[in-house]
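Trainee: here is my input, please return the structure:
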Amino acid sequence: MSYGEPLYFGPDERPLFGWLHRAARPARLGLVLCGPFGYESICAYRILRHFAAAANAAGIPALRFDYDGTGNSAGDDREPGRLAAWVASVGHAIDALRAHTEVEQVVLLGVRLGATIATLAAVDRSDVDSLVAIAPVVAGKPYVRELRALQMSTGLPPAPPHVVIEGGVQEALGFPLTAATKAELSAVDLAALERLPAPAVLLIERDDLPADESWPQRLATLDAAVERRRLPGYVDMVLGAELSKVPEEIVYATIEWLGVRAAMLGVPDLAKPMTAPVTRRRARIGGIIESAEVIDEDGRLFGVLSTPAAPPPARRGLLLLNAGAVHHIGPNRLYVNLARRWAALGHAVLRLDGGGIGDSLPRPGQRENVVYTDDASDDVARGLAFLRRQPGVTEVHALGLCSGGYNAFKAAVAGVPLDGVLLINPLTFFYKPDRPLAEAEDHVIFEASRYFRRLRDVDAWTKLFRRGVDLRIAGRTLTRFFADRLRGRAQELARRAGVKIGDDLAHELTTIVDKRVALGFVFSAGDPGIELLRTHGGPTVERLRRAGQLSIEIIEGPDHTFTPLWSHPVLIGALAAHLDELPRARG
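Mentor: Just a heads-up that it's a prediction; the model follows:
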């Protein structure tokens, strides 16, 4: 099994990143996949990989890619001319697919805003055979309003008073929309197209909303052959990186339709010489070099390495581990910004996909998209070994948000040689497969426990029950609170008596610092991991903290994944401060 070949393409001054899926035999028709925008793009990332693999299995080469300013490509969402840059990115992707294969004509497959961008790109091309539009954004103005409504529905608190808010930017679930980009999107109306985007269009509409008739009617007026399908699956595509499901009916219908289009074109002329260029695995982005790396001898683990163009003689290697099932760009593209910032300061930074996550293959016999695995420490060890081989790297550190922090921590406990670990909002310290972390009830219990810590505060109890917490859950929480407190005391006494106990967080914390590994935590205020650390770590946490062997930074305001835009520079500052303080913290 292969997830394709990573490559950089497009202009040297603005390189784009993608994955090329070559077919086993020559083909005249190829597929370019155009993903959605922002949060939906992270949720659907794995799904688009499945589309590409299914097309590949049907003998159709495919290319999936990141638009300019998104994913691993150069640039940023705040730059001007975003819509034009995204449309141009599709053109570069078509050129790249044709340059690396025998393809003469392409099908553009777009999801949501990706379908809109694909349509706009196809209007100016003569080599677009057809278009597959999945739940397309027909009109930009309602879409911008929808993004605003979704942002408001999150219920995120405002930024703290001391934080300066970025002006002129609308937040869209962790991604910025500038006023210029909003205006560009608002002006889009596919129902007013004046030119035919492609001779044939497969329109896959959502089965949970009324169909939009304006665009199909306009396509028919322009003499396009339009086939419409109302199929389930779109909602499952964007549930979240951990929860998203492959929309089997949509994939099947798409591949079946592509097969008909490919048969109509026939096979290429094999006598025609083909001189495909070598795929570029490295690109210069500003003052740094980024490279697509398969880091292990099994060809299983993938990551993106960011390093300065002129590495200093001594520097740190930093390993960024997946936050849940989000691929190596991180939540809200946060890891890309971190990696490029640190690389510009001289460090070597590897954004690694763990086995079965993002673009790394699962181990034989294992499923993909499993966040917590017994083999994660081995993947961490391989990533750290890769970093140690980079010129000038004298020490290596592993860090990550949520499960990424957990896996870094467990690797340190297991004795993987590293110099520091930094956990950002870990949700557990002892993962149990029979206790899913995503259960809403667990989050209610965790939130309730914060109130129970203030047992004498009547106002806190009032707030708790006004919010509608189930009394059964509250009772269980109270029981768990006191049980955890007693358990922590009992563990401390047993430890002093030399008795070995299971799931002993205090012992694991001590094990790490005894190996002279710098240990740090960064939490959003109120995140459940704070209570877990205090409760299960017991007095050891404060003892290590006072000794300078453990650091804890708490940031007021953001949610678990640091969705608010204002929180991104605050988090980056906290992480930078931790790294700057490492020599002192290590004693």
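Trainee: I figured residue 197 hits residue 117, correct?
Mentor: No - at 11.2 Å, residue 197 does not count as touching residue 117 under the criterion of Cβ atoms under 8 Å. Quick note: C-beta positions are derived from backbone N, CA and C, even for glycine.
Trainee: higher neighbour count, the two?
Mentor: The residue with more neighbours, out of residue 197 and residue 117, is residue 117; 26 against 23, by other Cβ atoms under 10 Å.
Trainee: tell me if I am right that residue 519 is in a strand.
Mentor: Yes - looking at residue 519 with DSSP: H, G, I helix; E, B strand; the rest coil, it is inside a strand.
Trainee: what about it, neighbour count?
Mentor: Neighbourhood size, residue 519 [other Cβ under 10 Å]: 22.
Trainee: for residue 24, same thing?
Mentor: By other Cβ under 10 Å, 9 other residues sit near residue 24.
Trainee: surely it touches residue 59?
Mentor: Yes - under the criterion of Cβ under 8 Å, residue 24 makes contact with residue 59 at 6.9 Å.
Trainee: show residues contacting the strand or helix carrying residue 570.
Mentor: Taking DSSP states H and E as the criterion, residue 570 maps to helix 567-580. For helix 567-580, contacts defined as Cβ atoms under 8 Å, 6 or more residues apart in numbering pick out 159, 163, 316, 332, 334, 337-338, 341, 397, 399, 422, 424, 520, 522, 524, 551, 553, 555, 557-558, 562, 585.
Trainee: go on, stretch 280-299?
Mentor: 6-9, 12, 15, 17, 72, 74, 300-309, 340, 343-344, 350, 352, 361, 382-383, 386.
Trainee: any quick PyMOL command for the buried ones out of these?
Mentor: Remark: buried members of the contacts of stretch 280-299, expressed as a PyMOL selection using 16 or more other Cβ atoms under 10 Å:
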select buried, resi 6+7+8+9+15+17+72+74+300+301+302+303+304+305+306+307+308+340+343+350+352+361+382+383+386
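Trainee: in helices only, show me the contacts of stretch 280-299.
Mentor: In helices, defined here by DSSP state H, the members of the contacts of stretch 280-299 are 340, 343-344, 382-383, 386.
Trainee: possible to save these as JSON lines with distance to residue 151?
Mentor: What follows is those, written out as JSON lines (distance: Cβ to Cβ, whole Å):
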{"residue": "340", "distance to residue 151": "25"}
{"residue": "343", "distance to residue 151": "31"}
{"residue": "344", "distance to residue 151": "30"}
{"residue": "382", "distance to residue 151": "38"}
{"residue": "383", "distance to residue 151": "34"}
{"residue": "386", "distance to residue 151": "38"}
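Trainee: show me the two of those that sit farthest apart.
Mentor: Largest separation among the ones in helices among the contacts of stretch 280-299 by Cβ to Cβ: 344 and 382, giving 25.7 Å.
Trainee: re earlier: and the contacts of helix 567-580, which are buried?
Mentor: Neighbour counting by 16+ other Cβ under 10 Å classes 159, 316, 332, 334, 337-338, 341, 397, 399, 422, 424, 520, 522, 524, 551, 553, 555, 557-558, 562, 585 among the contacts of helix 567-580 as buried.
Trainee: now, the contacts of helix 567-580 that are in helices?
Mentor: 334, 337-338, 341, 585.
Trainee: residues near residue 554, how many?
Mentor: Residue 554 has 13 nearby residues by other Cβ under 10 Å.
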